[in-house]
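Student: Okay, predicted coordinates and the sequence, questions at the end:
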Amino acid sequence: MKKWFVFALMGLVTACGAETGANNAAGAQGSQQAVDEDRIRDVMEEAFDGINVTAVRPSPIDGVAEVEVAGRDTVYVSHDAGYVLIGNLLQIKDGEVIDPAEQRLEAVRKEGISQLDESQLITYAAEDEKHEIYVFTDITCGYCRKLHRHIEEYNDEGVTVHYLAFPRGGATAKSAAAMRHIWCAEDPQQALTDAKLNDEIVQTELGECAKPVDEQYALGLTFGVRGTPAIYTTDGKQLGGYVSPEQLMDRLD
């Protein structure tokens, strides 16, 4: 089996990767043993063809480093770079199960959401707003379409839905081209609804209005988005993919 294929199977070498290199607060409490970042990076990139190590930091476990791959995924590597563990590292603290990598991502997302220009999002606002959610979407995604069929129900429950573009095939995908036209439409809300529910793509003149599609896709990568829909709270907590209005309210409340 080719070396690169191991990471491809785990989704680590894809066109849809990348998360920021924020410091891991949990890791800072971990091993006091120095991490040889250059050695780990060199060994990993030599062993796995096509891998891009974007950060190496301490993990909460002595003798193990947390390695960020393609800016999005996390693996764990022994300090001598002889062993690699692929999977979630869970911490049990005071009877609670904690995912340190997810905690770090939540901080990244919260910061990113706080800096969004909401005029560049496509928003379906609730009249009696109780919650806001941020949803990365692709017009070709079946579950995105299913979610959108319930948009009025989400609004009736007091949930404002902010859509961000995340064409799953990247900036060169056909869906990305279509979404640029939607973001530039005179009525983006209607254009997005027509695309998702009726397969009708508006044709508009592109300009600055198209830039958010690529920018939001890049932001999604830093958030760790792997597929669509990807739903987040204003605090950066991940609520899952498609959820019914009832399930969403349970998770928000």
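Tutor: Here it is on my side, so go on.
Student: Residue 181 versus the closest residue to residue 130 other than its chain neighbours, what's the distance?
Tutor: Nearest non-adjacent residue to residue 130, counting by CB to CB, 6 or more residues apart in numbering: residue 158, 3.4 Å away. (Glycine included, C-beta is placed from N, CA and C.) Distance from residue 158 to residue 181, counting by CB to CB, to the nearest Å: 31 Å.
Student: More neighbours: those two, which one.
Tutor: residue 181 (20 against 15; other CB atoms under 10 Å).
Student: show me what contacts that one?
Tutor: Residues near residue 181 by CB atoms under 8 Å, 6 or more residues apart in numbering: 191, 201, 202, 203, 204, 206, 210.
Student: Please repeat the previous calculation with a cut-off of 6 Å.
Tutor: 202, 203, 204 (CB atoms under 6 Å, 6 or more residues apart in numbering).
Student: In JSON lines, list those along with neighbour count and secondary structure.
Tutor: Below are the contacts of residue 181 laid out as JSON lines (neighbours: other CB atoms under 10 Å; DSSP: H, G, I helix; E, B strand; the rest coil):
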{"residue": "202", "neighbour count": "17", "secondary structure": "coil"}
{"residue": "203", "neighbour count": "9", "secondary structure": "coil"}
{"residue": "204", "neighbour count": "17", "secondary structure": "coil"}
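Student: Can you tell me which of those is nearest residue 55?
Tutor: Taking CB to CB as the measure, residue 204 is the one of the contacts of residue 181 closest to residue 55, at 39.2 Å.
Student: The stretch 1-150 of the chain: strands as residue ranges?
Tutor: For the stretch 1-150 of the chain, the strands defined by DSSP state E, counting those that start in this stretch cover 53-58, 64-69, 73-78, 84-86, 91-93, 96-98, 122-124, 131-137.
Student: nearest to residue 187, of those?
Tutor: strand 122-124 (10.0 Å).
Student: what's around residue 144, how many residues?
Tutor: Residue 144 has 24 nearby residues by other CB under 10 Å.
Student: Point to the residue nearest the middle of this structure.
Tutor: Closest to where the C-alpha atoms of the chain average out (CA atoms, centre = their mean) is residue 225, at 2.2 Å.
Student: And that residue, how far from residue 178?
Tutor: Going from residue 225 to residue 178 by CB to CB gives 19 Å.
Student: One more: residue 141?
Tutor: Here the criterion is CB to CB. By it, residue 141 lies 12 Å from residue 178.
Student: Turn the strands of the stretch 1-150 of the chain into a markdown table, columns for distance to residue 214 and mean pLDDT.
Tutor: Compiled in a markdown table, those are given as follows (distance: least, CB to CB, whole Å; pLDDT from 0 to 100):
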| stretch | distance to residue 214 | mean pLDDT |
| --- | --- | --- |
| strand 53-58 | 20 | 90 |
| strand 64-69 | 22 | 90 |
| strand 73-78 | 22 | 89 |
| strand 84-86 | 30 | 90 |
| strand 91-93 | 36 | 87 |
| strand 96-98 | 34 | 87 |
| strand 122-124 | 15 | 98 |
| strand 131-137 | 13 | 98 |
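Student: Could you dump the ones you listed into TSV with mean neighbour count and distance to residue 250 added?
Tutor: As requested, those are exported to TSV (neighbours: other CB atoms under 10 Å; distance: least, CB to CB, whole Å):
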stretch	mean neighbour count	distance to residue 250
strand 53-58	20	35
strand 64-69	24	32
strand 73-78	20	28
strand 84-86	15	32
strand 91-93	11	25
strand 96-98	10	20
strand 122-124	18	20
strand 131-137	23	12
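Student: any chance of those strands in a markdown table, plus distance to residue 146?
Tutor: Output for the strands of the stretch 1-150 of the chain, formatted as a markdown table (distance: least, CB to CB, whole Å):
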| stretch | distance to residue 146 |
| --- | --- |
| strand 53-58 | 34 |
| strand 64-69 | 31 |
| strand 73-78 | 27 |
| strand 84-86 | 31 |
| strand 91-93 | 35 |
| strand 96-98 | 30 |
| strand 122-124 | 15 |
| strand 131-137 | 11 |
